[in-house]
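Engineer: Coordinates for the following, if possible.
(chains A, B, C, D, E, F, G, H, I, J, K and L)
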Protein chains: 12
Amino acid sequence: MPDHVYKIIEIVGSSTVSTDDAIRTAIVKAGTTLRHMNWFEVTETRGHIVDGQVAHFQVKLKVGFRIED
Amino acid sequence: MPDHVYKIIEIVGSSTVSTDDAIRTAIVKAGTTLRHMNWFEVTETRGHIVDGQVAHFQVKLKVGFRIED
Amino acid sequence: MPDHVYKIIEIVGSSTVSTDDAIRTAIVKAGTTLRHMNWFEVTETRGHIVDGQVAHFQVKLKVGFRIED
Amino acid sequence: MPDHVYKIIEIVGSSTVSTDDAIRTAIVKAGTTLRHMNWFEVTETRGHIVDGQVAHFQVKLKVGFRIED
Amino acid sequence: MPDHVYKIIEIVGSSTVSTDDAIRTAIVKAGTTLRHMNWFEVTETRGHIVDGQVAHFQVKLKVGFRIED
Amino acid sequence: MPDHVYKIIEIVGSSTVSTDDAIRTAIVKAGTTLRHMNWFEVTETRGHIVDGQVAHFQVKLKVGFRIED
Amino acid sequence: MPDHVYKIIEIVGSSTVSTDDAIRTAIVKAGTTLRHMNWFEVTETRGHIVDGQVAHFQVKLKVGFRIED
Amino acid sequence: MPDHVYKIIEIVGSSTVSTDDAIRTAIVKAGTTLRHMNWFEVTETRGHIVDGQVAHFQVKLKVGFRIED
Amino acid sequence: MPDHVYKIIEIVGSSTVSTDDAIRTAIVKAGTTLRHMNWFEVTETRGHIVDGQVAHFQVKLKVGFRIED
Amino acid sequence: MPDHVYKIIEIVGSSTVSTDDAIRTAIVKAGTTLRHMNWFEVTETRGHIVDGQVAHFQVKLKVGFRIED
Amino acid sequence: MPDHVYKIIEIVGSSTVSTDDAIRTAIVKAGTTLRHMNWFEVTETRGHIVDGQVAHFQVKLKVGFRIED
Amino acid sequence: MPDHVYKIIEIVGSSTVSTDDAIRTAIVKAGTTLRHMNWFEVTETRGHIVDGQVAHFQVKLKVGFRIED
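Structural biologist: Purely as a prediction, here's the structure:
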């Protein structure tokens, strides 16, 4: 760890199923273009309401990944 | 959207099942007196402990709804 | 309640299953040495990523318990 | 508790006597139109100064009350 | 002032013109159902982007009004 | 001071009388098991409402005490 | 008001009696060198502990005063 | 929306004209390299002063855009 | 810059015209007694409402200026 | 990591030498009674001034340690 | 400055030597792929503990750089 | 302490050497016009980057000093 530098990006995932699923969706999507993802932090949980019901959850995340040497 | 004004209220839902269920419970209850609910934001997640176990989750939400013209 | 004093500690639980499970895990563990636990508040939700997937969720909690007379 | 949904409103009370009195004043006034008030949280303490003396204290509160079934 | 209790609500106004106009729009709309509005505080400024341009500004406000005796 | 290390704990006191009394109650209680308490900081002021009146105030405090050499 | 500009300073008052008294003490002291003080906001409440008792309360305030034309 | 993942970047725009113009300048510039920009949030408003006058406004924004599938 | 020390003061300007104008008004007023003002940061935007309309905007600013050698 | 639960404590270290040294001092002292310390986070940096010079730095830390099974 | 738009990224550097060195390490690393870096802001200071000693410091930074025309 | 009132000012020091040196520089400079300085709190750490290297650190401080009787 002392030898590494990390970059942090912020992303938003969504899911009709659950807040945890919104997290997983965002991470998997980010992984299609990023390598060496290491940790995430939730910075906001929200969602949309349609016809008086939760239509989907949205979770905002910071994701840290190691910058390659 | 540019033509609308929204009002935001703050509510607390609870559930013995899950945090997501506490969110859904609060939204459904709010919907019995509010129309045009549009989005929510979680502002606090907490709960009560009974006999060393999570007895129920409580989630505090802000809910935005369109003011009717 | 007016007659009691409470102490608050901060703990972190983790789970490969869900954020709610990380909460429950932390509370059960804390209960092995604490009695009279009364409420919890989530102060941070994060986790580790391995091979582009959520490896486990980590939830930081404040837990309040009554100080015995 | 698990069966209830709460609503939270924000009010400001004032008093020439004390900050605690400003809290009590606000709660009593809110109670003339609300039932089932359950808890409050102080979110801001301020006041006005006249002729170099505290003229009155103002305390901003969030008040939670149970939504009737 | 020492004799009054105020209530605070949260609203969101929007405008294609400016952030100040979004504030004014929200206040005027709120005034169609509220009397004795006294002050506002901006809590969030955001907006939507369409085709790479600001489509409209959205401003979230807290509005304080005196509860009638 | 330069030679000391302090530990900080978080406690909640309550009182039917006043917020200041809730602070004093919490400190006295903490003192039954802690020595060398040095300072406190208020982190939250809240309370319960019964029958439309403040039933008791609750004040959350951080308390710093010197770790004995 | 639209014609005035205000300056805000930050001060700390203390009292062995109460938090409200610490506020009043700070304001009166500030008034010996400032005119046109208009409002205050509490930004921190803390205190020192001696022999397991609250020795004195300290309250940090922002104080706004009108700049003379 | 449930099917999309968004990325959020942070930018600073400036303008000698107005804070709204600083927002628009930043968004237009960001649009030269980003597609699918969807919303922005203001996180800081500041500026420089030259010869006792506002020389230009600077507005810090978070901008969300949809990650292409 | 490395050789300078700056002081920061907090002021409030107001305007019936716009939030930007409230900023400019405060800076110009501060400049009648301060030299070497260098930057400002907006810390609060609020205003008063009269007869259901925005009567004037108030903007709270921190202003940094170089301390003369 | 998924199998562990961590506890977090808050401590204050001080040093006449540097802020980093205040951190190291606090950690070493905490280690005389705690095992399995894993990480720290700085939550406040302050200090005392004597005769117009920094007399010592004080750093407030949260320290996380694994609860033994 | 009025003609420029800046982008802000978030990075984490670490060092076994000091917090300042962790800042410098992160900036130098970021400079291998970024030009026109202009300023940084520390957003978090933390570190890991091994065998009861600070093993390395980690500093989270926001770094602003000018977007080329 | 119970008999004193303190004033708090905010200053920014800078140094090409270290963050601690930036603190010391600011305090010494402030001491040329202030007596009875008692404590400081760091509120922001930032700096400028030139040619991909930290050119100087800037530290924002609040400094408390006793108001003379």
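Engineer: Spell out, range by range, the strands that occur in chain A.
Structural biologist: In chain order, chain A shows strands spanning A:6-15, A:37-50, A:53-66, with DSSP state E as the criterion.
Engineer: Can you lay out the ones you listed as CSV showing mean neighbour count, distance to chain G and mean pLDDT?
Structural biologist: For glycine as for every other residue, the C-beta is placed from the backbone atoms N, C-alpha and C. Listed next are the strands of chain A as CSV, based on neighbours: other CB atoms under 10 Å in any protein chain shown; distance: least, CB to the nearest CB, whole Å; pLDDT from 0 to 100:
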stretch, mean neighbour count, distance to chain G, mean pLDDT
strand A:6-15, 21, 30, 97
strand A:37-50, 19, 25, 98
strand A:53-66, 20, 29, 97
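Engineer: Ok, which of those strands comes nearest chain E?
Structural biologist: Go through those one by one with CB to the nearest CB and the one that ends up closest to chain E is strand A:37-50, at 12.1 Å.
Engineer: And for chain A, the residue most distant from the center?
Structural biologist: Seen from the C-alpha centroid of chain A, the residue lying at the greatest distance (CA atoms, centre = their mean) is residue A:51, 26.8 Å away.
Engineer: and the gap between it and chain L?
Structural biologist: Summarising the geometry, the distance separating residue A:51 from chain L, computed by CB to the nearest CB, to the nearest Å, is 46 Å.
Engineer: Then residue A:66?
Structural biologist: Relative to chain L, residue A:66 is positioned 20 Å away (CB to the nearest CB).
Engineer: Those residues of chain A touching chain H, which are they?
Structural biologist: Residues of chain A found near chain H (CB under 8 Å from any CB of the partner chain) are A:9-16, A:25-26, A:29-30, A:48, A:55-56, A:58, A:60.
Engineer: before we move on, back to that, quick one, which of the strands of chain A is nearest to residue H:35?
Structural biologist: Closest approach to residue H:35 among the strands of chain A (CB to CB): strand A:6-15, 16.4 Å.
Engineer: so what does that closest one touch, helix or strand wise?
Structural biologist: For strand A:6-15, the packing partners by 3 or more CB pairs under 8 Å, 6 or more residues apart in numbering or on different chains; DSSP states H and E come out as helix A:19-30, strand A:37-50, strand A:53-66, strand H:6-15, strand K:6-15.
Engineer: Counting neighbours, what do you get for the residue of chain A found nearest chain B?
Structural biologist: When CB to the nearest CB is the measure, chain A has its nearest residue to chain B at residue A:52, with 3.4 Å between them. With neighbours defined by other CB atoms under 10 Å in any protein chain shown, the count for residue A:52 comes to 15.
Engineer: residues near the closest residue to it other than its chain neighbours, how many?
Structural biologist: The shortest distance from residue A:52 to any residue other than its chain neighbours is 3.4 Å, reached at residue B:31 (CB to CB, 6 or more residues apart in numbering or on different chains). Number of residues near residue B:31 (other CB under 10 Å) recorded here: 17.
Engineer: cool, and residue A:28?
Structural biologist: The burial metric for residue A:28, expressed as a neighbour count using other CB under 10 Å, is 15.
Engineer: right, and it touches residue C:53 too?
Structural biologist: Yes: in this structure, residue A:28 sits in contact with residue C:53. The criterion is CB atoms under 8 Å, and the distance is 6.9 Å.
Engineer: from memory residue A:38 sits against residue A:66, does it?
Structural biologist: Yes: using CB under 8 Å, residue A:38 is in contact with residue A:66, at 6.0 Å.
Engineer: Common neighbours of the two, please.
Structural biologist: The contact sets of residue A:38 and residue A:66 overlap at residue A:6 (CB atoms under 8 Å, 6 or more residues apart in numbering or on different chains).
Engineer: could you check the distance from residue A:20 over to residue C:20?
Structural biologist: As judged by CB to CB, to the nearest Å, residue A:20 and residue C:20 stand 8 Å apart.
Engineer: wait, I meant residue A:47
Structural biologist: 17 Å.
Engineer: How about the residues of chain A by chain C?
Structural biologist: Taking CB under 8 Å from any CB as the criterion, chain A approaches chain C at residues A:19-20, A:23-24, A:27-28, A:31, A:37-42, A:63.
Engineer: try it again with 6 Å
Structural biologist: In this structure, chain A approaches chain C at residues A:20, A:24, A:27, A:31, A:37-42, judged by CB under 6 Å from any CB of the partner chain.
Engineer: picking up where we left off before, just so I know, which of the strands of chain A lies nearest residue F:4?
Structural biologist: If you check each of the strands of chain A against residue F:4 by CB to CB, strand A:37-50 wins as the nearest, at 33.4 Å.
Engineer: any residue of that closest one up close to chain B?
Structural biologist: Yes: Strand A:37-50 is in contact with chain B by CB under 6 Å from any CB, via A:45-49.
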